[in-house]
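# Predicted structure and sequence below. I'll ask about it afterward.
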Amino acid sequence: MIVRQSALLRAYSKNGESRTIPMGERLRMVVQEALSVRGDTPTVFTNRSGTAWSERNLLYVYKRACGRAKIEDCTLRTLRHTFASRLVMAGIDLSTVQELMGHKDISMTLRYTHLSPDHKRAAIVALEQRFSGEKSREFSQHPSAIDTSVSAKIVNLR
């Protein structure tokens, strides 16, 4: 159901609780198109009689679509991990990700967020750029002060 550019998610969560999440413009357009086909039914995923899909129906249709697209090893949980990870990599704070995911505990959110190697590499580059040329007053060992034999060992850890 669309209310003020938000989507009400019902019945598919593990705890059975519904929640409302905001929708971006692209998703809103897709949902509006799907609802226009449905007529008066305020539910996007329905069978021919207008009844909302069960979890079993959703899984069946999802697996069939993945098969047709030749996508292997992609479950609905994979999509949740991707959603959480991309939010974090876009700079969204964990508390907001937790609410969007519907997690009661932040530790569950942390299980879902995975940073790509490129994202982690970019973080290191950003850190280096931020502090390049500055001598730190807070740390006794500035990179230029490290013994070269020690830095060689650090580089060889990988």
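Everything's here; your move.
# right, and the secondary structure at residue 109 would be what?
Following DSSP: H, G, I helix; E, B strand; the rest coil, the label given to residue 109 is helix.
# ok, now which ones touch it?
Taking C-beta atoms under 8 Å, 6 or more residues apart in numbering as the contact definition, residue 109 lies against 84, 94, 97-98, 101, 103. (Glycine included, C-beta is placed from N, CA and C.)
# Any chance of CSV for those residues, columns neighbour count?
Formatted as CSV, those follow (neighbours: other C-beta atoms under 10 Å):
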residue, neighbour count
84, 24
94, 15
97, 22
98, 20
101, 18
103, 17
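# which among those residues gets closest to residue 57?
Residue 57 has its nearest neighbour among the contacts of residue 109 in residue 101, at 23.0 Å by C-beta to C-beta.
# Correct me if wrong: residue 112 contacts residue 86.
No. Look at residue 112 against residue 86 with C-beta atoms under 8 Å: they stay out of range, at 10.9 Å.
# Mind checking which of these two has more residues around it?
Between residue 112 and residue 86, counted using other C-beta atoms under 10 Å, the more crowded position is residue 112 (19 against 15).
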